[in-house]
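*Asks:* Predicted model and sequence follow; I will ask about them next.
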Amino acid sequence: MRASSLATAGRLVFLPMVSGLTDRLRPALELMRVPLAVTAISNAQAGYLLWCGTTEREWRIGAALALAAMSLGLYCFGMVSNDIIDVRRDRYLAPNRPLVAGRIGMNEAWWLAGGLLGLGLTGGILFTVEFGGGWASLLLVAWTVLLIFFYNLMGKFVGAVGILTLGLIRFFHAATAQPSMGVLWHPLLLMDHVVVLSVVCYILERKRPHLGRAHRWTVGLILLGLNLLLIGGVATAIWWRDGWDDLPRRMGLGGELLWPGIAAAVFAAFVFATVLALRQEEGLSNRGLVERQRRTGRKLMFFGLLWLIVYDVAFVYGFLKL
C-alpha cells in the first residue's frame, strides 16, 4: 500500500510538471521549425565528412558537434526572427502560428532568437578556431548570417531576390564545413535544388509579389551565372595551385557524381508528376483548384527540403563509399 501511495503521489506531482513543461516547449519548437533544422545539420555534417575524406583530415567529434550547434542555431534563428518580423502580416495570413496565436510571447521569442543566434555563432567560431576551419569558414559563417538578416528584412518581399537568397544561404552554410571546396558540387546542388524548388512552390502557392515569366527567366539566368562563376572560381584556384594536369579528377568530375545525379533525377520526376497531376485535375471549382495547388505547394516544399538529406547521403556514399 505504501509503495502504491508513493507512486500515486509521484504521478500527481510530476505529471503536471511534465505536462506544463511540454506545453511551454511545444510552441517554441514549432516556432523554430525543428524538423526542418535537421536538413541544415545534415548538410553541414555531409560537408565535413567530404572535407575530411578529400583532404585526408581526421574526423573529430568536437568539430561535428560544433557544426551541429552552428546549423541548429542559425537555421532556427532564421525561422524565429522571420516570424517576429512578420507578426503583423501573419495576423491575417497565418493566424495559427504560435507567435500570432499567443502560444508564445513576443519577449520570449526575442530571447529565443538571441539565444539561437548566439548558439549558431558560437558553433561556427569553435569550428573555425578550434577544429581547423580557418578564416575561410569564418567568412562563410558571416556571409550566411548576413544573408539570413537580408532575407528576413528585405529579400523575401521581392520574390526573385528572396528565392535566390534562400539558395545562397544553403550554399554558404554547407560550404562552411568544407572551406577548401574539395567537393564543390555538394553545396552547389543544394543551392540549385532550393532555388528551383522555391520557384515551383512559390508559383503553386500563388505568393505575392507575383512571379511572372520575366522574373522566372531572371532567376534562371542568375542561377546559371552563379553556377558558372563558382565552378570557374574553383577551377581557377586548382589551376593556380596545381596546374591543369588531371583537373576534372581533382574537381570531382567522375563516377562519384552518379548517385547525387540519380537523386536529383528522381526528385525532378516526382515534381513533374505532381504538377502534371494538378494540371489534369477535374471536377473542382476555380477556388477549390487554387486551394489544392496551395496545399500541394506547401507539402512539396516540406518534402523537397527533406530531400536535401538524400543528396547528403548520396554525396557521402559516392565520394567516400561509406
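*Replies:* Received the coordinates, thanks.
*Asks:* And the spatially most central residue of the chain, how close does it get to Arg88?
*Replies:* Note on the chain: the residue nearest the mean C-alpha position is Ala40, at 4.7 Å, using C-alpha atoms, centre = their mean. For Ala40, the distance to Arg88 (C-beta to C-beta, to the nearest Å) stands at 27 Å. Where C-beta positions appear, they are placed from N, C-alpha and C, glycine not excepted.
*Asks:* next one: Val100
*Replies:* Separation of Val100 from Arg88 (C-beta to C-beta): 9 Å.
*Asks:* Looking at those two now, which is surrounded by more residues?
*Replies:* Of the pair Val100 and Arg88, Val100 is the one with more neighbours under other C-beta atoms under 10 Å, namely 19 against 8.
*Asks:* contacting residues for the nearest residue to the more buried one once chain neighbours are set aside?
*Replies:* With C-beta to C-beta, 6 or more residues apart in numbering as the criterion, Val100 has its nearest non-adjacent residue at 4.7 Å, and that residue is Asp90. Asp90 makes contacts with Asp83, Arg97, Leu99, Val100, as judged by C-beta atoms under 8 Å, 6 or more residues apart in numbering.
*Asks:* tell me how far the helix or strand where Gly78 lies is from the chain's mean position?
*Replies:* Using DSSP states H and E, Gly78 sits within helix 61-85. In terms of C-alpha atoms, centre = their mean, to the nearest Å, the centre of helix 61-85 is found 10 Å from the chain centre.
*Asks:* And for stretch 193-205?
*Replies:* Offset of stretch 193-205 from its chain centre (C-alpha atoms, centre = their mean): 14 Å.
*Asks:* Thr176 and His210: what is the separation?
*Replies:* 34 Å.
*Asks:* what does Gly62 give?
*Replies:* With the distance defined as C-beta to C-beta, Gly62 ends up 48 Å from His210.
*Asks:* Counting neighbours, which bits of stretch 47-64 end up buried?
*Replies:* Within stretch 47-64, the residues scored as buried using 16 or more other C-beta atoms under 10 Å are Gly47, Tyr48, Leu49, Leu50, Trp51, Cys52, Gly53, Thr54, Arg57, Ala63, Ala64.
*Asks:* In terms of secondary structure, what does the helix or strand that contains the residue nearest to the centre of the chain contact?
*Replies:* Per DSSP H and E, Ala40 falls inside helix 34-55. The helices and strands touching helix 34-55, judged by 3 or more C-beta pairs under 8 Å, 6 or more residues apart in numbering; DSSP states H and E, are helix 61-85, helix 159-176, helix 185-204, helix 286-320.
*Asks:* Could you tell me which ranges of the stretch 1-150 of the chain sit under the pLDDT cut-off?
*Replies:* By pLDDT under 70, the weakly predicted segments of the stretch 1-150 of the chain are 1-23.
*Asks:* Surely Gly254 is in contact with Pro260?
*Replies:* No. Judged on C-beta atoms under 8 Å, Gly254 makes no contact with Pro260 at a distance of 12.0 Å.
*Asks:* The two: who's more crowded?
*Replies:* Neighbour totals were compared for Gly254 and Pro260, and Pro260 leads with 23 against 11 (other C-beta under 10 Å).
*Asks:* tell me the contacts of the closest residue to the more buried one other than its chain neighbours?
*Replies:* Leaving aside its sequence neighbours, Pro260 sits nearest to Ala314 (C-beta to C-beta, 6+ apart; 4.4 Å). Contacts for Ala314 (C-beta under 8 Å, 6+ apart) come out as Trp259, Pro260, Ile262, Ala263.
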